[in-house]
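Enquirer: below is the sequence, then the predicted model.
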Amino acid sequence: MQCPHCGFSIAKVDEIFGEQELRVSCLTDAAGVLRRKEREGARRLLEGFQRRFPQLFFAVYFGTFREIPSLRQFGFWLLNRGVFEDAAPLRSNEAGILLSVDVSGKAAGITFGYLLEPYLDEEATFRALSAAHPHLLQEQYLRAMETVIRRLQRVLVREARRARRARRRPEGFGPAPAVTSREAGALLERIRAGHGMRGAKL
């Protein structure tokens, strides 16, 4: 198992973080930076995302990463080794998005499962993190989290619509995306279905 972005393998990150599964919640505040009302607001954001995209889950990990060489490596490891206890059983880690926030370094990283590769890319995650960065600098962690989630929701909806148009009029689009597995196709159908239930509200 290897990260498609940085080429890091799970064996390498296991050497850093361990091979054991880690049981966590979709909202993990290991750094203790969220107040009670903020935790409640954060949970509502995550629940809203999962209602809108029933086949996906979004997780956030707030921590202090002074001894960790790379947020991306940590995110890759946690998305592979983490057991997200409050995610529905049908939501596999391959369909998860993880926001890792280093509260000491005012930095953040996004990792996502391979089933999302047709819909998310480096540019989309970079833009979401860039928009959230001013909030991180001001220690407005709930605002930063909300900004990332809203930005990525827009991307997912836009890409699902684009793929639907491509199916209807394939001659108007370029070559098929590199990831065209049966699982990815089924994921698109579920994204469309989930979006339909929630309407066009963003």
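Expert: Arrived safely, thanks for sending. Numbering: from 1, shown residues only.

Enquirer: contacts, neighbours, all on C-alpha from now
Expert: Fine.

Enquirer: and the pLDDT at the closest residue to residue 20 other than its chain neighbours?
Expert: Leaving aside its sequence neighbours, residue 20 sits nearest to residue 81 (C-alpha to C-alpha, 6 or more residues apart in numbering; 7.0 Å). pLDDT, residue 81: 87.

Enquirer: list the buried ones in the helix ranked longest in the chain?
Expert: Ranked by residue count and defined by DSSP state H, the top helix of the chain is helix 141-168. Neighbour-count burial for helix 141-168 flags 141-145, 147-149, 151-153, 155-157, 159-161, 163 (criterion: 16 or more other C-alpha atoms under 10 Å).

Enquirer: neighbours of the residue nearest to residue 20, how many?
Expert: 19 (other C-alpha atoms under 10 Å).

Enquirer: against residue 110, how distant is it?
Expert: Note on residue 81: its distance to residue 110, by C-alpha to C-alpha, to the nearest Å, is 16 Å.

Enquirer: over to residue 154?
Expert: 16 Å.

Enquirer: what's the answer for residue 88, then?
Expert: From residue 88 to residue 110 the distance is 21 Å (C-alpha to C-alpha).

Enquirer: neighbour count for the two, which is higher?
Expert: A direct count of neighbours by other C-alpha under 10 Å for residue 88 and residue 110 places residue 110 higher, at 21 against 13.

Enquirer: pick out the residue nearest the middle of this structure.
Expert: residue 97 (1.8 Å; C-alpha atoms, centre = their mean).

Enquirer: for it, give me its contacts.
Expert: Residues near residue 97 by C-alpha atoms under 8 Å, 6 or more residues apart in numbering: 56-59, 110-113.

Enquirer: repeat that for residue 131.
Expert: 147-148.

Enquirer: same question for the helix or strand hosting it, mean pLDDT?
Expert: Assigned by DSSP states H and E, residue 131 belongs to helix 122-137. In this model, helix 122-137 has a mean pLDDT of 96.

Enquirer: could you check the angle helix 141-168 makes with that helix?
Expert: Put simply, helix 122-137 runs at 160 degrees to helix 141-168, going by axes from the mean of the first three to the mean of the last three C-alpha atoms, to 10 degrees.

Enquirer: helix 122-137: how far from the chain's middle?
Expert: Here helix 122-137 is found 13 Å from its chain centre; the criterion is C-alpha atoms, centre = their mean, to the nearest Å.

Enquirer: and that helix, which residues are buried?
Expert: For helix 122-137, by 16+ other C-alpha under 10 Å, it's 124-125, 128-130, 132-133, 135-136.

Enquirer: could you dump the residues you listed to JSON lines with distance to residue 76?
Expert: Shown next, in JSON lines, are the buried residues of helix 122-137 (distance: C-alpha to C-alpha, whole Å):
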{"residue": "124", "distance to residue 76": "17"}
{"residue": "125", "distance to residue 76": "14"}
{"residue": "128", "distance to residue 76": "18"}
{"residue": "129", "distance to residue 76": "17"}
{"residue": "130", "distance to residue 76": "20"}
{"residue": "132", "distance to residue 76": "21"}
{"residue": "133", "distance to residue 76": "21"}
{"residue": "135", "distance to residue 76": "24"}
{"residue": "136", "distance to residue 76": "21"}
